[in-house]
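# got a predicted structure plus its sequence, pasted below:
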Amino acid sequence: MADIILGIESSCDDTSAAVLSDRVLLSNVIASQDVHRAYGGVVPELASRAHELNIVPVVSEALSRAGVKPEDITAIAFTRGPGLLGSLLVGTSFAKSLALSLEKPLVMVNHLQGHILAGFVREKDKPVREPSFPYLCLLVSGGNSQIVKVNSPLDFDILGQTIDDAVGEAFDKCSKMMGLGYPGGPIIDRLAKQGNPDRFTFAKPHIPGLDYSFSGVKTSLLYFVRDEMAKDPSFMDNNKEDICASFQKTLIDILMDKLIKAAKQTGIKDIAIGGGVSANSGLRSRMVEEGAKRGWNVFLPEFKFTTDNAAMIAVAGYFHYLAGERCPLDVAPVSRIADF
Ligand code: KG4
């Protein structure tokens with residue numbers, strides 16, 4: 001009989017619950033929080049309050065869409081971290097209470113593992129196409145930029161990571177700085193489609209090995225906009241498409257340079273991307289382009305699995321469950337990877 005996994009995700013500003021039958025998706029409900037838009041970024045206290053309001057209806061909607069009764073759940077998987085502590089606390093407490101009341105096993109999931117394994121969620125009537133192990137995953141989100149060697153669903157080596165900002169942070173902070181709005185990634189992506197990516201150049205970092213840095217390119221954009229605006233106050237309004245296209249191209253060049261290096265060093269040809277920034281249209285096209293040039297098998301997640309969602313937590317939880325891992329009821333959430 002199939003294992004029914006309920007996944008719960010609340011690490012940042014999306015409350016999500018999903019139900020899988022083994023790895024097949026039965027439902028994936030996401031309640032996003034618009035309350036942060038007015039502040040130009042996620043306000044942690046408001047996020048945890050919104051999770052408190054959303055968690056019960058979201059979980060109950062996920063079960064009802066899946067046609068699954070609470071007693072039919074095999075195991076409950078939840079995001080333990082990393083993320084905002086107040087937000088994680090809501091999902092963790094809810095998952096623990098539900099596991100206790102239903103007498104079901106509880107499985108904890110690292111949010112980043114969820115992003116990495118998102119491509120293993122299967123959907124009814126859709127062909128299965130999954131990378132073979134070991135493969136490389138470029139994990140790019142608001143909090144992380146990493147190149148991960150995925151040896152098996154539960155065994156990962158981080159080959160490189162950012163030494164300062166995450167690439168999503170660079171998108172978001174620069175969008176805010178240019179007065180374009182929040183979240184910056186999708187806004188810059190949209191404007192970049194109408195601009196010339198080769199019109200402006202921004203400083204690229206020189207970091208050894210496979211690590212990344214995005215703080216320099218952010219500062220380069222800041223000084224560029226400041227200097228141009230001093231000469232012409234309408235510069236931003238008249239050139240935003242070209243600025244976004246050139247800035248986005250710089251970020252993608254930085255990401256791809258190290259990914260290509262990692263592929264050469266390891267000889268691995270199955271290459272995936274994951275995390276919120278993997279929704280970026282420029283990055284997705286470049287992956288396909290480089291893949292064709294270099295003989296890679298490229299795996300791009302479906303858009304609905306790029307940003308935070310509980311389906312990826314449920315599938316990661318499923319692998320942990322199969323491996324016999326169980327989580328005690330006194331588990332506490334953790335905000336940083338180092339504490340996981
Ligand atoms: O994975 P995610 O939903 O949350 C974290 O765990 O961080 O990623 C959110 C990040 C934000 O920085 C957002 O601007 C970025 O993903 N993002 C994008 C796009 N869509 C979302 N960045 C670039 N282009 C996009 N289309």
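Arrived safely.

# write out the residues of the stretch 1-150 of the chain neighbouring the ligand.
Cys12, Ser141, Gly142, Gly143 (CB under 6 Å from any ligand atom). C-beta here means a position set from N, CA and C on the backbone, and glycine is covered the same way.

# report the two of those separated the most.
Cys12 and Ser141 (9.3 Å; CB to CB).

# burial count for Pro183?
Neighbourhood size, Pro183 [other CB atoms under 10 Å]: 21.

# next one: Glu52
17.

# quick one: contacts for it?
Val90 (CB atoms under 8 Å, 6 or more residues apart in numbering).

# that one should be in a strand, yeah?
No - the assignment for Glu52 (DSSP: H, G, I helix; E, B strand; the rest coil) gives helix, which keeps it out of a strand.

# pLDDT at it, what is it?
Glu52 is assigned a predicted lDDT (pLDDT) of 97.

# again, but for Pro183
pLDDT, read off for Pro183, is 88.

# got phi/psi on it?
Backbone torsions for Pro183, taken as degrees, to the nearest 10, come to phi -70, psi 140.

# number of nearby residues for Val120?
Let me fix one detail, which is that residue 120 is Phe and not Val. For Phe120, using other CB under 10 Å, the count is 18.

# residues contacting Val107?
Contact partners of Val107, counting by CB under 8 Å, 6+ apart, are Ala75, Ile76, Ala77, Phe78, Gly317, His320, Tyr321, Glu325, Arg326, Cys327.

# got a markdown table for these, with neighbour count, pLDDT and secondary structure too?
As requested, those are exported to a markdown table (neighbours: other CB atoms under 10 Å; pLDDT from 0 to 100; DSSP: H, G, I helix; E, B strand; the rest coil):
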| residue | neighbour count | pLDDT | secondary structure |
| --- | --- | --- | --- |
| Ala75 | 23 | 98 | strand |
| Ile76 | 27 | 98 | strand |
| Ala77 | 30 | 98 | strand |
| Phe78 | 31 | 98 | strand |
| Gly317 | 33 | 98 | helix |
| His320 | 21 | 98 | helix |
| Tyr321 | 20 | 98 | helix |
| Glu325 | 16 | 97 | coil |
| Arg326 | 12 | 97 | coil |
| Cys327 | 22 | 96 | coil |
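
# just put the residues of the stretch 1-150 of the chain next to the ligand in CSV and tack on secondary structure.
CSV is the format used below for those (three-state DSSP):
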residue, secondary structure
Cys12, coil
Ser141, coil
Gly142, coil
Gly143, coil
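
# run through who's touching stretch 299-310.
By CB under 8 Å, 6+ apart, stretch 299-310 touches 7-9, 11-14, 16-18, 28-30, 62, 111, 118-119, 121, 129-131, 135, 270-279, 284, 287-288, 311-312.

# give me the buried entries from those residues.
Neighbour counting with 16 or more other CB atoms under 10 Å marks 7-9, 11-14, 16-18, 28-30, 62, 111, 118-119, 121, 131, 135, 270-279, 284, 287, 311-312 as buried within the contacts of stretch 299-310.

# quick one: the residue sitting nearest the centre point of the chain from Leu138, how far?
Residue closest to the mean C-alpha point of the chain, counted by CA atoms, centre = their mean, is Gly275 at 2.3 Å. Here the criterion is CB to CB, to the nearest Å. By it, Gly275 lies 8 Å from Leu138.

# quick one: contacts for the residue of the stretch 201-340 of the chain found nearest the ligand?
Nearest residue of the stretch 201-340 of the chain to the ligand: Gly276, at 2.0 Å (CB to the nearest ligand atom). Gly276 sits next to Val140, Ser141, Gly142, Gly168, Gly185, Thr306, Thr307, Asp308 when contact means CB under 8 Å, 6+ apart.
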